[in-house]
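Asker: A structural model of the following input is requested.
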Amino acid sequence: MKAINLSFLTLLLLVLFTSCKDNYSMLTVINRDGSAHREISFLTDSATMLNEAHPSQTISKILDDPRWKKTWKRESSKEDSTLHKVRCIASQDYSSVEEMAKHFPIQCEGKPILKSCKIQSHFKWLYTDYEYEEVYNDYSDIFEIPLSQYLDPKAASYWLTGQPNLLEGMSGAEAQDYLDSMATQYDHWISANIIYDAIDVVISEYDSLKTVPISKEQLISQRDSLIDYMLQNGFSISDDSKFGTMAANFFGFDYFKTLFSVDGLVSQRIAQKYASITDSLYWIDIDYHLMMPGAKVIDCGNGICEKEGYLTFRITGNRLLSKDYTVKAVFRAPNYWAYVVSAIIIVVPFILSFVLKKCKRAKA
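Answerer: Residues are numbered from 1 along each chain as shown. Now for the predicted structure:
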């Protein structure tokens, strides 16, 4: 297998937070009785249709599972190509939203990205409110240093998910300055984690390296200082060629120039740690639609209400680095029978009163 160097990993980490790939489109229909219908669509090609190639674990899981009802629609055709692009639309019905969560096909590192689904109803006589919630798994534990050390919780959430909207009321220039500052802090966060992991690699490989000029204890005690030194002197993981030189300057030994070189042992170990999960997160990009027939939206959470009862959300790899990323919505459905009963309760007394008065007049 071809080695993955730190520069490639850095590019992947940076692109992960900026790309819009639109790999999947997903529709979830929630019914008032708690049952659900889900559709997932994705672009593929004729080789995939013939089971000659499964380009991803998710697509393979859908294609190989007979519970998914699949239809195919040609999106584009090129007469000179043997592989025509088509869209697969896979759908499945569930008796409950909990069952739907258990069979979620989109995965990262071998487990579904969706942790749980639940729906709660609140009867209000003339109408019933339905609170729907999906909680997604958190993959931020791949980083030893949390983003909250470099951005406050609200800023970190905004950077990863777009919520809450911290740019409201800012001018264009103010917003640009604020975003530039967040981008710098994000770069520092990624860089700090790479430096932290570099020292971890040296500690774990210490005995095999043999010629490390300082002790394990010194490496551990000086790790935070090394991070501060490198960031304060302009180190950025987007230009990791300076890694070895700056580490050598800090420790006072040229030994670290070779140890922390771009294609050296430390870089390879760090790349191996992150490569699999960052690649998986990179390909998670879902244009998500949620609706409840016959109901209107009264709270769209972090989604956008495009039309009555129809919400749109974004689910991407970077959002899964936010603590328990959640999709929430509250729908309100009228109880028509309650209107009828209310009308009867209001009208019947008047009718009875009128009838009784008429009977009394007739007797008189």
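Asker: Verify the stated contact: residue 86 with residue 75.
Answerer: Yes: with contact taken as CB atoms under 8 Å, residue 86 and residue 75 are classed as touching, separated by 6.3 Å. The C-beta positions use only the backbone N, C-alpha and C, and glycine is treated the same way.
Asker: can you map out the helices along the stretch 51-200 of the chain?
Answerer: Applying DSSP state H, counting those that start in this stretch to the stretch 51-200 of the chain gives helices spanning 57-64, 97-102, 153-161, 172-204.
Asker: circling back: residue 86 and residue 75: which has the busier surroundings?
Answerer: Taking other CB atoms under 10 Å, residue 86 and residue 75 do not tie; residue 86 has more neighbours (19 against 10).
Asker: Tell me where the stretch 201-350 of the chain has helices.
Answerer: If DSSP H, counting those that start in this stretch is used as the criterion, the helices of the stretch 201-350 of the chain fall at 206-209, 216-232, 243-251, 255-259, 265-282, 336-363.
Asker: What average pLDDT does the fifth one get?
Answerer: Read it as helix 265-282. Across helix 265-282, pLDDT averages out at 78.
Asker: Now do the shared contacts for residue 86 and residue 75.
Answerer: By CB atoms under 8 Å, 6 or more residues apart in numbering, residue 86 and residue 75 have these common neighbours: residue 43.
Asker: about what we covered before: among the helices of the stretch 201-350 of the chain, where is the model least confident on average?
Answerer: Taking mean pLDDT as the measure, helix 265-282 is lowest among these, coming in at a mean of 78.
Asker: Alpha carbons of it, in CSV - could you do that?
Answerer: Included here for helix 265-282 are C-alpha records, laid out as CSV according to Å, rounded to 0.1, in the frame of the first residue of the first chain:
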residue,chain,number,x,y,z
LEU,A,265,8.7,7.8,10.9
VAL,A,266,6.8,10.3,13.0
SER,A,267,4.9,11.7,10.0
GLN,A,268,4.0,8.2,8.8
ARG,A,269,2.7,7.2,12.2
ILE,A,270,0.6,10.4,12.5
ALA,A,271,-0.8,9.9,9.0
GLN,A,272,-1.7,6.3,9.8
LYS,A,273,-3.7,7.5,12.8
TYR,A,274,-5.8,10.0,11.0
ALA,A,275,-5.9,8.8,7.4
SER,A,276,-8.8,6.3,7.6
ILE,A,277,-11.2,8.3,9.7
THR,A,278,-10.6,11.6,7.9
ASP,A,279,-11.1,9.9,4.5
SER,A,280,-14.4,8.5,5.8
LEU,A,281,-15.5,11.8,7.2
TYR,A,282,-14.5,13.6,4.0
